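In: Give the three-dimensional model of this entry:
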Amino acid sequence: MMNLTRVFFSQSFVEWLKWFLCIPGVEYLIDEWSKSLTTNENEIIDYCHSKAWANFQSDSQNNLRKQYPHLDLAFTLFVDWFNPLGNKCSGKQVSLGVLALTCLNLPPSMRYKPQYTYLAGIIPAPNQPSMVTMNNVLKPLVNELIELNKTIRIQTYQEPEGQNVRVKLQALLGDVVATHKVAGFTSHSGHKFCSWCEVIKADIAKMEIRKPRNKNSTKALAMRWYDEQQTTQQKLLVRKMGVRWSELNWLPYWDPVKCVVLGILHNWYEGVLQHHFRFRWGINGLQENLLKGLTDTETTDASKETESDKTVISTRGILSDETKNKLISSIMEVVAPSRLTPMPKGLGTNRNGKLKASEWHSLFAIHLPLSFVDSLLGWDSFEEDLEKYHDVIDNLCSLVQCTRIVSSRVVKEGDCKTFEEEYLNYTVTSRKVFPNMKTLPNHHYSLHIPEQLKWWGPITGVSEFPGERLVGLLQKFKSNLTSRHVGVSIMNCFCQLQRLEIQNDLNFLDESKRAEVKKQ
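Out: Model prediction:
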């Protein structure tokens, strides 16, 4: 008898869908939200106004639908890994994965709530699966998605005799590491590291979008990898083209290029913005080391956080330690509305730790625009300082403007063009101000933000924030702290909580509205 060491915990998508559509009000909310959608060429406020949604709708409206009306549902797939044991269990690192789907047909206010989230599976610990092993994890879900694409009949709350339901996977969410692993692309350290264009790693510093990838050619390359019998040839193909097989390619409608969302949480907030503040400006806790003195251990830890010693050297000439500390003091003096994320005490020091994505957004959208210029320019040498720091200020202004567009809940006409212009200016001025600074994959990925905005609408609506909140919820569930069984404990706790939350929602549902929802 085989001794299983790792078990993949999952639940049936079809069975969950039956439960989901039997919740009073779900069909009503989907129907009312679809009726409220209005087309505005000048602005996009949600995914359901985007080109991606229009493409989904046009594909659904075929002759079969006209003859036999059915409910078309679009879902997102979020993938991430986390340590369920916490970070204080004697330093033990365990990586547990989560597959979660959410229905895009629901109104935005309800779309990502845990009670309406399908937890497809818990990927077993202690280590993350390889890119090849990941296909075994995806296979059960993909098999159900193939059947759901053919339309199945389900008894629902409004249609107790059953109605035809069809489900499609429209978007893959997560950080770049996760989306590349699931969608079948090489890692960001590969030769052709980008999933949207064919740029090579040697040309990353040029900051240009090369030949765009497309659905047909990418799937063809993936099939070549799949048909290849020798492992060495598969590795050569991945190294050369940056594509390998993914189980998602079995879905006939799946587009491995357009269906992958660029996660702004990791790419922009914790990527571009963090790199600019900590490494390009050098505010990485090291000025505290110079001014106050740290222990040898703290100094060693600080040096490990930096990407290279060259980074620190190159940024010291831009902002002096005195200017850095003056800037930090000015940031902490900014008074912002309570609804905005405040800056943590000890900002810019080692003891503060890493900032959250919301804190990076608040820093660059609110605090720095109000404090940066005053910290650089002195009253006695205003003209001299302005000339000296002109490119530095221009560089930050472009980054702030890009952050405003990325964070906006509405994509207006001209925003994509503005982002392209401002990000180009940020790139050009960065070469002047930080000539020795290395260009990272995140900087290249950000070149694709305009096309992401055009396709998805506001990318805050398809970001990793809800998924990260889900991960935070799963981490709070108590388990027996045994990595072998922690997955099933988390799955059971989440399913129980989901049922309780739905029951609480139903208890607050007005009787008159419930009568309106129910089909007479």
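In: Show the model's pLDDT score for residue 67.
Out: Looking at residue 67, its pLDDT reads 49.
In: And for residue 374?
Out: pLDDT, read off for residue 374, is 89.
In: Kindly report the same for residue 381.
Out: So residue 381 comes in at 84 (pLDDT).
In: Relative to residue 388, how far out is it?
Out: Here the criterion is Cβ to Cβ, to the nearest Å. By it, residue 381 lies 9 Å from residue 388. C-beta: built from backbone N, CA, C; applies to glycine.
In: same question, residue 73
Out: 58 Å.
In: Looking at these two, which is more packed in?
Out: Shown here are residue 73 and residue 388; by other Cβ atoms under 10 Å, residue 73 has more neighbours (21 against 12).
In: Wait, a strand at the more buried one?
Out: Yes. Judged by DSSP: H, G, I helix; E, B strand; the rest coil, residue 73 forms part of a strand.
In: Name the residues linked to it by a beta bridge.
Out: Note on residue 73: beta-bridge partners by DSSP bridges are residue 167.
In: Provide a list of residues in contact with it.
Out: Shown in contact with residue 73 (Cβ atoms under 8 Å, 6 or more residues apart in numbering): 30, 103-105, 165-168.
In: Same list, the residues you listed, but as JSON lines with pLDDT please.
Out: Shown next, in JSON lines, are those (pLDDT from 0 to 100):
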{"residue": "30", "pLDDT": "93"}
{"residue": "103", "pLDDT": "97"}
{"residue": "104", "pLDDT": "96"}
{"residue": "105", "pLDDT": "95"}
{"residue": "165", "pLDDT": "95"}
{"residue": "166", "pLDDT": "95"}
{"residue": "167", "pLDDT": "96"}
{"residue": "168", "pLDDT": "96"}
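In: Are any of these buried, and if so which?
Out: Neighbour counting by 16 or more other Cβ atoms under 10 Å classes 30, 103-105, 165-168 among the contacts of residue 73 as buried.
In: So the residue lying farthest from the centre of the chain: helix, strand or coil?
Out: Here the chain reaches farthest from its C-alpha mean at residue 380, the gap being 45.7 Å by Cα atoms, centre = their mean. Per three-state DSSP, the secondary structure class of residue 380 is coil.
In: quick one: contacts for it?
Out: Counting by Cβ under 8 Å, 6+ apart, residue 380 makes contact with nothing.
In: Got the phi and psi for it?
Out: Note on residue 380: backbone dihedrals following degrees, to the nearest 10 are phi -80, psi -20.
In: Then residue 10?
Out: Main-chain dihedrals, residue 10, degrees, to the nearest 10: phi -150, psi 170.
In: Just give the nearest non-adjacent residue to it, would you?
Out: The shortest distance from residue 10 to any non-neighbouring residue, by Cβ to Cβ, 6 or more residues apart in numbering, is to residue 121 (3.7 Å).
In: I figured the one you found hits residue 137, correct?
Out: Yes. In this structure, residue 121 is within contact of residue 137 by Cβ atoms under 8 Å, at 6.9 Å.
In: hey, what's in contact with both of the two?
Out: Shared contacts of residue 121 and residue 137 (Cβ under 8 Å, 6+ apart): 8, 99.
In: quick revisit: just grab the bridge partners of the residue nearest to residue 10 for me.
Out: Beta-bridge partners of residue 121, as defined by DSSP bridges: residue 10, residue 99.
In: Can you give me the neighbour number for it?
Out: Using other Cβ under 10 Å, the number of residues around residue 121 comes to 21.
In: Spit out the contact partners of it.
Out: Here residue 121 is in contact with 8-11, 98-99, 137, 140-141, 491 (Cβ under 8 Å, 6+ apart).
In: what about it, distance to residue 74?
Out: Relative to residue 74, and taking Cβ to Cβ, residue 121 is found at 20 Å.
In: again with residue 410
Out: Taking Cβ to Cβ, one finds residue 410 at 21 Å from residue 74.
In: Between these two, which is the more surrounded one?
Out: When residue 410 and residue 74 are compared for neighbours, residue 74 comes out ahead with 21 against 15, by other Cβ under 10 Å.
In: My read is that the more buried one contacts residue 168, right?
Out: Yes. Counting by Cβ under 8 Å, residue 74 touches residue 168, with 5.7 Å between them.
In: what do those two both touch?
Out: Jointly contacting residue 74 and residue 168 under the rule Cβ under 8 Å, 6+ apart are residue 56.
In: From residue 363, how far off is the closest residue to residue 357 other than its chain neighbours?
Out: The shortest distance from residue 357 to any non-neighbouring residue, by Cβ to Cβ, 6+ apart, is to residue 269 (4.0 Å). For residue 269, the distance to residue 363 equals 9 Å [Cβ to Cβ].
In: And these two? Which one has more around it.
Out: Comparing residue 269 with residue 363 by other Cβ under 10 Å, the one with more neighbours is residue 269, at 27 against 23.
In: would that one count as being in a strand?
Out: No. Counting by three-state DSSP, residue 269 is not found in a strand; it is helix.
In: Give me the local confidence score for it.
Out: 97.
In: how about the helices in the stretch 251-400 of the chain?
Out: Assigned by DSSP state H, counting those that start in this stretch, the helices in the stretch 251-400 of the chain fall at 264, 274-275, 286-291, 296-305, 309-316, 321-333, 357-362, 368-376, 382-388, 390-407.
In: So residue 463 sits against residue 266, correct?
Out: No. If you go by Cβ under 8 Å, residue 463 and residue 266 don't touch, sitting 9.4 Å apart.
In: right, and the secondary structure at residue 489 would be what?
Out: Per three-state DSSP, residue 489 ends up helix.
In: and it, how many neighbours?
Out: Residues near residue 489, counting by other Cβ under 10 Å, number 18.
In: what's near enough to touch the most centrally placed residue in the chain?
Out: The centroid of the chain falls nearest to residue 263 when counting by Cα atoms, centre = their mean (2.9 Å). Counting by Cβ under 8 Å, 6+ apart, residue 263 makes contact with 173-176, 179, 463-464.
In: Filter these down to the buried ones, PyMOL style.
Out: Burial among the contacts of residue 263 is assessed by 16+ other Cβ under 10 Å; the matching PyMOL selection reads:
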select buried, resi 173+174+175+176+179+463+464
